[in-house]
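Colleague: coordinates for the following, if possible.
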Amino acid sequence: MESSSALETTIDKILDQTQKNILSSIDLALTDAQKTLDNAIPRLEQEYDKIISDGKKEADKIQKQIVGSSDLEARNKQLLALEKAVEDVFTKALEQIANAQRNGDYANLIKSLLEKSTNILGTTQVIVYTNSKDRDLVNSALSQFSGAELSAETIDCLGGVIVKSKDGAMTFDNTIDARIERLKPLIRKEIASKFGVGN
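Modeller: Okay, here's the model as predicted:
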């Protein structure tokens, strides 16, 4: 019986020691886990802050792209609307010019166009081309330009003249059509600046 009691005491001691070892290991593991967790929290907070910061930067970038794209689209629509309005104005102006009466003011315009053309070419030894509506006015005005003659050919234009030197070396297009084309960029620019477009 004594040996049985001694055996039980030994087993109890071993179980007790094993229990203490297991509890100590568990405490140690728990302490290590707590330290690891405590050490990881600042790193996780930094990661969290970095993710939030990167997300905000990306959102700002996308917002700027969207706003920039919208601004560009609005500006393009403004320019298209302005261009259409300018073209409409030019179309109406050209219709009025085409239907204008060939009166005294128009005769003065023809004379002025001839003077400018011969000055630019540097000679009155020229052949002058015009449309069928302006032939009589041009022919009458040519009497003031010695050496200038009216071509038998007519040209298709709203009005005005094309003047060529008799040797064929120089030509100046001083038709109303050409003058309007030369002025169009300046007129567009002026209109655009008045409406605050294209600056």
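
Colleague: okay, now the closest residue in space to F145 that isn't next to it in sequence: neighbour count?
Modeller: Once flanking residues are discounted, F145 sits nearest to T124: 4.5 Å by Cβ to Cβ, 6 or more residues apart in numbering. (Glycine included, C-beta is placed from N, CA and C.) Residues lying near T124 (other Cβ atoms under 10 Å) number 19.

Colleague: bridged to the residue lying closest to I155 once chain neighbours are set aside, which residues?
Modeller: Closest residue in space to I155, ignoring its immediate chain neighbours: Y129 at 4.8 Å, by Cβ to Cβ, 6+ apart. Partner residues in beta bridges with Y129, using DSSP bridges, are I162.

Colleague: is Y129 in contact with E149, as I believe?
Modeller: No. Using Cβ atoms under 8 Å, Y129 makes no contact with E149, being 10.7 Å away.

Colleague: neighbour count winner among the two?
Modeller: Legend: neighbour count by other Cβ under 10 Å for Y129 and E149, higher for Y129 (21 against 13).

Colleague: what residues are up against the more buried one?
Modeller: By Cβ atoms under 8 Å, 6 or more residues apart in numbering, Y129 lies in contact with 151, 153-155, 161-164.

Colleague: got a quick PyMOL command for the buried subset of those residues?
Modeller: Here is the PyMOL command that selects the buried residues among the contacts of Y129 (16 or more other Cβ atoms under 10 Å):
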select buried, resi 151+155+161+162+163+164
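
Colleague: mind putting the contacts of Y129 into JSON lines with pLDDT and distance to F172?
Modeller: Output for the contacts of Y129, formatted as JSON lines (pLDDT from 0 to 100; distance: Cβ to Cβ, whole Å):
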{"residue": "S151", "pLDDT": "94", "distance to F172": "14"}
{"residue": "E153", "pLDDT": "94", "distance to F172": "17"}
{"residue": "T154", "pLDDT": "94", "distance to F172": "18"}
{"residue": "I155", "pLDDT": "95", "distance to F172": "13"}
{"residue": "V161", "pLDDT": "95", "distance to F172": "9"}
{"residue": "I162", "pLDDT": "95", "distance to F172": "7"}
{"residue": "V163", "pLDDT": "96", "distance to F172": "5"}
{"residue": "K164", "pLDDT": "96", "distance to F172": "8"}
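
Colleague: next, format the contacts of Y129 as JSON lines and append distance to S53.
Modeller: JSON lines is the format used below for the contacts of Y129 (distance: Cβ to Cβ, whole Å):
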{"residue": "S151", "distance to S53": "78"}
{"residue": "E153", "distance to S53": "77"}
{"residue": "T154", "distance to S53": "76"}
{"residue": "I155", "distance to S53": "71"}
{"residue": "V161", "distance to S53": "72"}
{"residue": "I162", "distance to S53": "70"}
{"residue": "V163", "distance to S53": "72"}
{"residue": "K164", "distance to S53": "73"}
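
Colleague: local confidence estimate at V197?
Modeller: Listed pLDDT for V197 reads 65.

Colleague: actually, M1.
Modeller: So, for M1, pLDDT stands at 53.
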